[in-house]
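Participant: Need coordinates for the following:
(one chain, ligands or ions: 2)
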Amino acid sequence: MATTPFAELHMHIEGALGPELIFALAERNRMHLPYSGLADLESRYEFTDLQSFLDLYYANMAVLRTAEDFADLTRDYLRRAAAAGVRHAEIFFDPQAHVTRGVPLQEVLDGILDALGASEREFGVSSGLLAAFLRDQPVHDAEEMLGELLRLRAPLLGVGLDSAEVGYPPTLFEDVFARARSEGLHVVAHAGEEGPPEYIWQALDLLGAERIDHGVRCLEDPALVARLVDEEIPLTVCPLSNVRLRVVDSISDHPLRTMLQAGLRVTVNSDDPAYFGGDVGDNFAQLRSGIGLTDAEVEVLARNSIEASFASEARKAELL
Ligand code: ADE
Ligand code: ZN
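Facilitator: Residues are numbered from 1 along each chain as shown. Ligands and ions are numbered 1, 2, ... in the order given. Have a look, this model is predicted:
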């Protein structure tokens, strides 16, 4: 675990939905689950790539119906994150994945924001919310969702881009992101997880991404690494996610140290803690045993996370 306070900048709140909460919410909402029991569900957490994970991730979201469900999920995440040492959290949610199931956007926002609003007092974790657009859905849906979020005056920190990456380049979303930026929102994008370095270039040049989520494939392109170093663009890397989604073969093969040594602004994050074997503390623990991550490296990663956050300068100063 980090020895200094740190920020988690890349986690999907729906990815904090674990088997026990899935069963509890299904019961509360009187829903039938297609699993014979907890063990049956747990046996399905073997992934071969990003899509095989996304199939289960979207299916399990069916149990999230009410504001109370979203609040319980968010509180559950914040409690665990605080215990792992997180003092500031920037959380993605996938609004399109809920409205297409008939859950009103306001219901989703009310639940998540209720928990985030109490987070600093309840858990000592300051927080912000990022709406992620689903890149494998029509661009028009993302445009509509942004319009709806703005109409509802959702108190967002910014927007992101997630879901199946290959075949859905950032270029498709140039106009949506331009509008988000013009509304004063921060912009980030998943790029270079399974997709090629070219998608990272596009996220920077066409979307104006201030941070790259994942970005591990930048190492295949020295000119891109030089650009990321030069412009001090943070990369929100998720080591356990990379192992479970077979982006890397094992934690010992993770290029985190190579990235640090290249001068990249790396941070460590959990992505989907209920699916990939643990929270951000577990990511640090496995990096310590897997690649011999040192205390000094943990310090750098912790500092990077605070500096790369969209927290106020006052909050950053408190945490640094
Ligand atoms: N949505 C949730 N987790 C994701 C990931 N690792 N990559 C892309 N989209 C996601
Ligand atoms: Zn992610």
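Participant: phi, psi of the residue in the stretch 101-250 of the chain positioned nearest to ligand 1?
Facilitator: For the stretch 101-250 of the chain, the residue closest to ligand 1 is Asp162, as judged by Cβ to the nearest ligand atom, at 3.5 Å. No exception for glycine: its C-beta is placed from N, CA and C like everyone else's. Main-chain dihedrals, Asp162, degrees, to the nearest 10: phi -140, psi -160.
Participant: Which secondary structure element is home to the residue nearest to Arg227 when sequence neighbours are not counted?
Facilitator: Among residues not flanking Arg227 along the chain, Leu204 sits closest, at 7.2 Å (Cβ to Cβ, 6 or more residues apart in numbering). Taking DSSP states H and E as the criterion, Leu204 maps to helix 197-205.
Participant: Which neighbouring elements make contact with the next helix or strand after that helix?
Facilitator: As assigned by DSSP H and E, the chain's next helix or strand after helix 197-205 is strand 211-214. The helices and strands touching strand 211-214, judged by 3 or more Cβ pairs under 8 Å, 6 or more residues apart in numbering; DSSP states H and E, are strand 6-12, strand 186-191, helix 197-205, strand 234-237.
Participant: Need the winner for burial among those.
Facilitator: Ranked by mean neighbour count, the helices and strands packed on strand 211-214 are led by strand 6-12 with a mean of 29 (mean count of other Cβ atoms under 10 Å).
Participant: what about it, distance to the chain center?
Facilitator: 6 Å (Cα atoms, centre = their mean, to the nearest Å).
Participant: quick one: average confidence on that strand?
Facilitator: Average pLDDT, strand 6-12: 98.
Participant: That strand versus strand 186-191: what angle between them?
Facilitator: Counting by axes from the mean of the first three to the mean of the last three Cα atoms, to 10 degrees, strand 6-12 lies at 60 degrees to strand 186-191.
Participant: Show residues contacting strand 6-12.
Facilitator: 77, 81, 85-94, 132, 162, 211, 213-214, 234, 236-238, 267, 269-273, 280, 301-302, 305-306, 308-309, 311, 319 (Cβ atoms under 8 Å, 6 or more residues apart in numbering).
Participant: Report all helices and strands that whichever helix or strand comes after that strand contacts.
Facilitator: Going down the chain from strand 6-12, the next helix or strand is helix 19-28, by DSSP H and E. Helix 19-28 makes packing contacts with helix 38-42, helix 67-84 when contacts are defined by 3+ Cβ pairs under 8 Å, 6+ apart.
Participant: quick one, helix 19-28 and helix 67-84 angle?
Facilitator: Computed by the same axes, to 10 degrees, the angle between helix 19-28 and helix 67-84 is 160 degrees.
Participant: Val139 is in contact with Leu172, correct?
Facilitator: Yes - Leu172 is in contact with Val139 according to Cβ atoms under 8 Å; the separation is 5.3 Å.
Participant: Tell me the bridge partners for the residue of the stretch 1-150 of the chain found nearest ligand 1.
Facilitator: For the stretch 1-150 of the chain, the residue closest to ligand 1 is His12, as judged by Cβ to the nearest ligand atom, at 4.1 Å. Beta-bridge partners of His12, counted by DSSP bridges, are Phe92.
Participant: any idea how far it is from Leu56?
Facilitator: 13 Å (Cβ to Cβ, to the nearest Å).
Participant: Which pLDDT does the model give the residue of the stretch 101-250 of the chain closest to ligand 1?
Facilitator: 98.
Participant: Spit out the contact partners of it.
Facilitator: Per Cβ under 8 Å, 6+ apart, neighbours of Asp162: 12, 92, 94, 132-135, 190, 213.
Participant: rerun that using 7 Å as the cut-off
Facilitator: 12, 92, 94, 132, 134-135, 190 (Cβ atoms under 7 Å, 6 or more residues apart in numbering).
Participant: Give me the contact status of stretch 238-247 with ligand 1.
Facilitator: Yes - with Cβ under 6 Å from any ligand atom as the measure, stretch 238-247 is seen reaching ligand 1 through Ser241.
Participant: contacting residues around that stretch?
Facilitator: 10, 47-50, 53, 193-194, 214, 216, 248, 250-251, 254, 256, 268-272, 276-278, 282-283, 286-287.
Participant: One more: stretch 195-208?
Facilitator: Against stretch 195-208 from outside (Cβ under 7 Å, 6+ apart): 165-166, 169-171, 173-174, 177, 181, 187, 189, 191-192, 209, 212, 215, 217-218, 220-221, 224, 233.
Participant: From these, list just the buried residues.
Facilitator: 165, 169-170, 173-174, 177, 181, 187, 189, 191-192, 209, 212, 215, 217-218, 221, 224, 233 (16 or more other Cβ atoms under 10 Å).
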